[in-house]
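# need a 3D model of the following:
(2 chains)
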Amino acid sequence: QERLQESGPGLVKPSQTLSLTCTVLGDPMDTTGYFWTWIRQHPGKGLEWIGFVDRTGNTAYNPSLKSRVSMTVDTSKNQFSLKLASVTAADTAVYYCVRPQFSGYDITHYGLWGQGTRVTITS
Amino acid sequence: EIVLTQSPATLSLSPGESATLSCETSQSFTSGHLAWYQQKPGLAPRLLIYSASSRVAGIPDRFVGSGSGTHFTLTISRLEPEDYAVYYCQQYNESPTTFGPGSRLDMK
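The predicted model follows:
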């Protein structure tokens, strides 16, 4: 059964760049049509869609974060990544890598979630 | 972007009772592109319902989604101990997809 696994530093200094990677454990990414997604959850709060990347590297981002976000895909490693620049304390959150329930849909519902990785922005 | 409002913020019920959770959207949409998730402490959200009323495989039929326009509902019948969690609705009618603030279901 396919799984998603986030990795990356749990602590990032203000003004630096947050970098996370999601490893897809299962089917090769370049054989599927999923839009690989990042969602975050601020402490004790709701969920915020960050954006997605597809197997060809096409991306779409939340307008609220667009100026600071970059997502890439490496199908040879079955991984996709998130970079968030110029972070502040407001970027402290649990970051989830997520896969839609069905392939071929970009803005949709999400049936497969990683366990989440907590990132704290602190000096 | 479409803003979702969920009510009640917290609901306290006993096992065996029924829960009704509401999700209101700031814009009406007829597509039915609304989903419900369950989240337990320390875990990732779990998809329960999509397309407003379609249950994910393996989700008990005690979970029923309904609604259209701007008003959607998740009804959980015959509450079991494992149902106590936070529930989020999500609209994916337009980008960016957005989530509600959640409704917490506590055991009474």
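
# residue contacts, the residue most central in space within chain A?
Most central in chain A under CA atoms, centre = their mean is residue A:38, positioned 2.7 Å from the mean C-alpha point. For residue A:38, the contacting residues are A:20, A:22, A:50, A:51, A:52, A:71, A:82, A:95, A:96, A:97, A:98, by CB atoms under 8 Å, 6 or more residues apart in numbering or on different chains. Bear in mind the C-beta positions are built from the backbone N, C-alpha and C, glycine included.

# of those, which is the nearest to chain B?
When the contacts of residue A:38 are compared for distance to chain B (CB to the nearest CB), residue A:96 wins out at 5.8 Å.

# got the contact list for the closest one?
For residue A:96, the contacting residues are A:6, A:38, A:39, A:40, A:41, A:113, A:114, A:116, B:44, by CB under 8 Å, 6+ apart.

# tell me how far the helix or strand that contains it is from the chain's mean position?
Here residue A:96 sits within strand A:93-100, counting by DSSP states H and E. Offset of strand A:93-100 from its chain centre (CA atoms, centre = their mean, to the nearest Å): 5 Å.

# got the buried residues for that strand?
Neighbour counts over strand A:93-100 (16 or more other CB atoms under 10 Å in any protein chain shown) mark A:93, A:94, A:95, A:96, A:97, A:98, A:99, A:100 as buried.

# export those to CSV and tack on pLDDT?
Putting the buried residues of strand A:93-100 into CSV (pLDDT from 0 to 100) gives the following:
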residue, pLDDT
A:93, 98
A:94, 98
A:95, 98
A:96, 98
A:97, 98
A:98, 98
A:99, 97
A:100, 96
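
# what are the buried residues along stretch A:78-97?
In terms of neighbour count (16+ other CB under 10 Å), stretch A:78-97 has its buried residues at A:78-82, A:84, A:87, A:91-97.

# could you give the bridge partners of the spatially most central residue of chain B?
In chain B, the centroid-proximal residue (CA atoms, centre = their mean) is residue B:36; its distance is 3.8 Å. Beta-bridge pairing of residue B:36 under DSSP bridges involves residue B:49, residue B:89.

# could you report the separation of residue A:112 from residue A:26?
Distance from residue A:112 to residue A:26, counting by CB to CB, to the nearest Å: 9 Å.
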